[in-house]
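Undergrad: Let me see the structure of the following:
(one chain, ligands or ions: 1)
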Amino acid sequence: MNAITRIAAAVSLASLLPLALTSNIAVAADAPSKGTIEVLHWWTAGGERAGINVLQKLVEKDGYTWKDNGVAGGGGEAAMTVLKSRAVAGNPPGAAQIKGPSIQEWGELGFLTNLDDVAKANNWDKILAPQIADIMKYDGHYVAVPVNIHRVNWLWVNKPVFDKLGIKAPTTLDELYAVSDKLKAAGIIPLAHGGEAWQDSTVFEDLVLSILGPEGFHKAFVDKDEATLTGPKMVQAFEALKKLEGNYMDPDKSGRKWNDATGLVMTGKAGMQIMGDWAKAEWTAAGKKSGTDYECVPFPGTQGSFTYNIDSLAMFKLKDPGAIAAQQDLAKIALEPEFQTVFNQNKGSIPVRSDADVSKFDACAQKSQADYKAAAAGAGLQPTMAHGMATSPAVEGAVFDVVTNFANDPKGDAKKAAEQLAKAVMQ
Ligand code: GAL
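TA: The predicted structure follows:
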């Protein structure tokens, strides 16, 4: 099956229509404009919105019109479904949040435009690490612009709750279980979580990183090594997932949004959340401070490792000259120091520019950058599986099914799940 049939097959246009219609937010049309850029993204939670608003303002400042197409749904599954239906209908937006290996698929389909001129004029080859630049290129040409580096392997802790109970942020899985028992005994939900496939897989990949180490993580999700995928440590990772989901997450988690889970930690109803640093954006948007209100620590047992998640905007081929100018302007702005600083301070991530100065960022961002550099010096730097950096969307979707089905099946067998995982990854 070629890529276009794959995308077409995955999409039922009729079922998607209501979603596509309701997700368009009207923008004032009467202001004189040099051109319009429509941006499809899934940054609709409070902290995420604060981030994308920075881009919108800068684009508007340059005299262009921003047409917002924010499709709600953490992790972007719903947004990608809308994007596919738009593309199949021959009506893609000018820019869309697409990342990792998926950029190659869209490039292969012939949808993406060449950004080499804007890249050259703005020195992208100099300001981006070569490995990051490569992800943004299809067939040697820039087709997308990266905006940030998120770290997935974080644990978020409510500091006053921990202080009151006299407990410390856990550094190992055994400590995680021990503090969870204490929180539970105090009537507090140990782990705030939303039972959605991508959230389950976010927790699962942290457990894989913790139990198999970065080398094992790489062998499993990047090298697709069968022995690693079905091995005893992977079985252990599934068992640990069952333990967390069954013992330490509340029964109302089903379908809960990730940012509502963050809210539970913020209000002290829950003690911790396992989530990437877009969760920090929620704390920031609520005026909370790291070190006082919350703590960020690497997911227990993953110190020294860094699962990276690079958000990027891919640009689609357009005909209207005004829209093309707006698209080029957006691409230029996205890597400029001003945007990189303000956006990432709001978004919870760190700048993607190699020359970025994070001295004015909060302690979590500074730790993130230091840990990124340390991890990059060895084997610790790994692409996240749960957020589309390690595998194709098809593999990711298959893994999500295995992990979520296991997490929700009280009788789920960890050994069988590992075998199913291998099938999903090696397809
Ligand atoms: C990730 C994305 C982040 C954040 C998160 C929750 O996949 O890279 O920027 O938005 O989903 O929606």
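Undergrad: For this protein, which residues are neighbours of the ligand?
TA: Selection of the chain residues close to the ligand by Cβ under 6 Å from any ligand atom yields 42-43, 48, 74-76, 150, 258, 278, 309, 311, 387. In short, each C-beta sits where N, CA and C put it, glycine included.
Undergrad: Which helix runs longest in the chain?
TA: helix 197-221 (DSSP state H).
Undergrad: That one packs against which elements?
TA: helix 173-185, helix 226-230, helix 232-243, strand 270-274, strand 306-309, strand 381-383, helix 393-408 (3 or more Cβ pairs under 8 Å, 6 or more residues apart in numbering; DSSP states H and E).
Undergrad: what bits of the stretch 201-350 of the chain have low per-residue confidence?
TA: Within the stretch 201-350 of the chain, no stretch falls below the threshold (pLDDT under 70).
Undergrad: one step back: filter the residues of the chain next to the ligand down to the buried ones and hand me the ChimeraX line.
TA: The buried residues among those can be selected in ChimeraX (16 or more other Cβ atoms under 10 Å) with this line:
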select :42,43,48,74,75,76,150,258,278,309,311,387
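Undergrad: Need the residues of the chain next to the ligand in a markdown table (columns: secondary structure).
TA: Below are these laid out as a markdown table (DSSP: H, G, I helix; E, B strand; the rest coil):
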| residue | secondary structure |
| --- | --- |
| 42 | coil |
| 43 | coil |
| 48 | helix |
| 74 | helix |
| 75 | helix |
| 76 | helix |
| 150 | strand |
| 258 | helix |
| 278 | helix |
| 309 | strand |
| 311 | coil |
| 387 | coil |
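Undergrad: what's the farthest-apart pair in the residues of the chain next to the ligand?
TA: Taking Cβ to Cβ, the two most distant members of these are 258 and 311; they sit 15.2 Å apart.
Undergrad: Report the angle between the longest helix of the chain and helix 232-243.
TA: 170 degrees (axes from the mean of the first three to the mean of the last three Cα atoms, to 10 degrees).
Undergrad: Run the angle between helix 197-221 and strand 270-274 for me.
TA: Interaxial angle of helix 197-221 relative to strand 270-274 (the same axes, to 10 degrees): 40 degrees.
Undergrad: In CSV: the helices and strands packed on helix 197-221, plus distance to residue 124.
TA: Putting the helices and strands packed on helix 197-221 into CSV (distance: least, Cβ to Cβ, whole Å) gives the following:
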stretch, distance to residue 124
helix 173-185, 40
helix 226-230, 35
helix 232-243, 37
strand 270-274, 34
strand 306-309, 18
strand 381-383, 20
helix 393-408, 25
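Undergrad: Compare the ones you listed and give me the one nearest residue 140.
TA: strand 381-383 (20.8 Å).
Undergrad: Sheet partners, orientation included, of that closest one?
TA: Using DSSP bridges, the strands paired with strand 381-383 are strand 306-309 (parallel).
Undergrad: which secondary structure elements does the following helix or strand past the partner strand contact?
TA: On the C-terminal side of strand 306-309, the closest following helix or strand by DSSP states H and E is strand 312-315. Contact analysis of strand 312-315 by 3+ Cβ pairs under 8 Å, 6+ apart lists strand 95-97, helix 102-108, strand 144-146, helix 321-334 as its packing neighbours.
Undergrad: Mind listing what's buried along strand 312-315?
TA: Buried residues in strand 312-315 (16+ other Cβ under 10 Å): 312-315.
Undergrad: Name every strand pairing with that strand and say which way it goes.
TA: Sheet pairing for strand 312-315, assigned by DSSP bridges, gives strand 95-97 (antiparallel), strand 144-146 (antiparallel).
Undergrad: Residue 247 is in contact with residue 180, isn't it?
TA: Yes: taking contacts as Cβ atoms under 8 Å, residue 247 lies within contact range of residue 180: 7.2 Å.
Undergrad: list the contacts for residue 96?
TA: Residue 96 makes contacts with 39-41, 79, 83, 313-314, 316, as judged by Cβ atoms under 8 Å, 6 or more residues apart in numbering.
Undergrad: and the residue nearest to it when sequence neighbours are not counted, helix, strand or coil?
TA: If the residues on either side of it in the chain are set aside, residue 96 comes closest to residue 40, at 4.2 Å by Cβ to Cβ, 6 or more residues apart in numbering. Going by three-state DSSP, the secondary structure assigned to residue 40 is strand.
Undergrad: Please report the distance of residue 77 from residue 344.
TA: As judged by Cβ to Cβ, to the nearest Å, residue 77 and residue 344 stand 24 Å apart.
Undergrad: Which of those two has more residues huddled nearby?
TA: Between residue 77 and residue 344, counting by other Cβ atoms under 10 Å, residue 344 is the more crowded of the two (27 against 17).
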